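Enquirer: sharing a model prediction with you, sequence too.
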Amino acid sequence: METFKVKEFNIGELKGISSKTIEEHLKLYKGYVNNANVIFNKLQELKSDPEKNAYILAETQRRLGFEFGGMRNHEYYFSSLSLGSKEINKEGELYKKIIEDWGSFETFLEHFKFVAMTRGIGWSMLYFDKHSNKLIISWLDEQHIGHLAGASIVLALDMWEHSYYLDYVPAEKKKYIEAFFANLNWEVIEENFNSIF
């Protein structure tokens, strides 16, 4: 049963991120979708006898977080690079919230990029927490470790080496971060933010 479907993204030629990188990266995304489906179906099968299948059920359940996280995180990422780069709307609610929480757009960007430089594999994420009415920048290990409970993803930057190694050596990942922001469609990010309310 195909519970989760591969999404299509309209990503044109990007500055500083090659078509080959996007092509290979999309294959990885499709793998996450496929694996999430396989695991989801396996869980349905195993739960028919939870006592007998206790160990494998628990380990399969644990793996779902990784594959599902990989699927969804990449959907945020690729969507934000779709339909060409667009600047943030300075009259929009997201921009106003950034100014309210960080004082300036430049300060916000500087901190987000700083978090993206964290050593290891993972994601630099911008979340919105409705409970505190705050935008929160956080590091996410792998695809699933450290998601902020109850918070919604607004912006996701993939910092696994597979997202840039064809274009930049690991020591140049700062160039990749700059390329990501040069190609970012802020309209998509604003839509992510506005859809939370």
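Expert: Received, thanks. Numbers count the residues shown, from 1 in each chain.

Enquirer: so which residues of the protein form helices?
Expert: Secondary structure of the chain (DSSP state H): helices at 19-46, 54-80, 93-102, 105-116, 173-183, 186-194.

Enquirer: go through those helices and name the closest to Leu140.
Expert: Proximity to Leu140 (C-beta to C-beta) singles out helix 54-80 among the helices of the chain, at 7.5 Å. C-beta coordinates here come from the backbone N, C-alpha and C atoms, glycine included.

Enquirer: which elements pack onto the closest one?
Expert: Applying 3 or more C-beta pairs under 8 Å, 6 or more residues apart in numbering; DSSP states H and E, one finds that helix 54-80 makes contact with helix 19-46, strand 152-158, helix 186-194.

Enquirer: and the angle for that helix with helix 19-46?
Expert: Orientation note: helix 54-80 sits at an angle of 150 degrees relative to helix 19-46 (axes from the mean of the first three to the mean of the last three C-alpha atoms, to 10 degrees).

Enquirer: got a markdown table for the helices of the chain, with mean neighbour count, mean pLDDT and distance to Ser138 too?
Expert: Below are these laid out as a markdown table (neighbours: other C-beta atoms under 10 Å; pLDDT from 0 to 100; distance: least, C-beta to C-beta, whole Å):
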| stretch | mean neighbour count | mean pLDDT | distance to Ser138 |
| --- | --- | --- | --- |
| helix 19-46 | 16 | 95 | 21 |
| helix 54-80 | 18 | 95 | 13 |
| helix 93-102 | 16 | 98 | 14 |
| helix 105-116 | 15 | 98 | 7 |
| helix 173-183 | 17 | 98 | 16 |
| helix 186-194 | 18 | 98 | 15 |
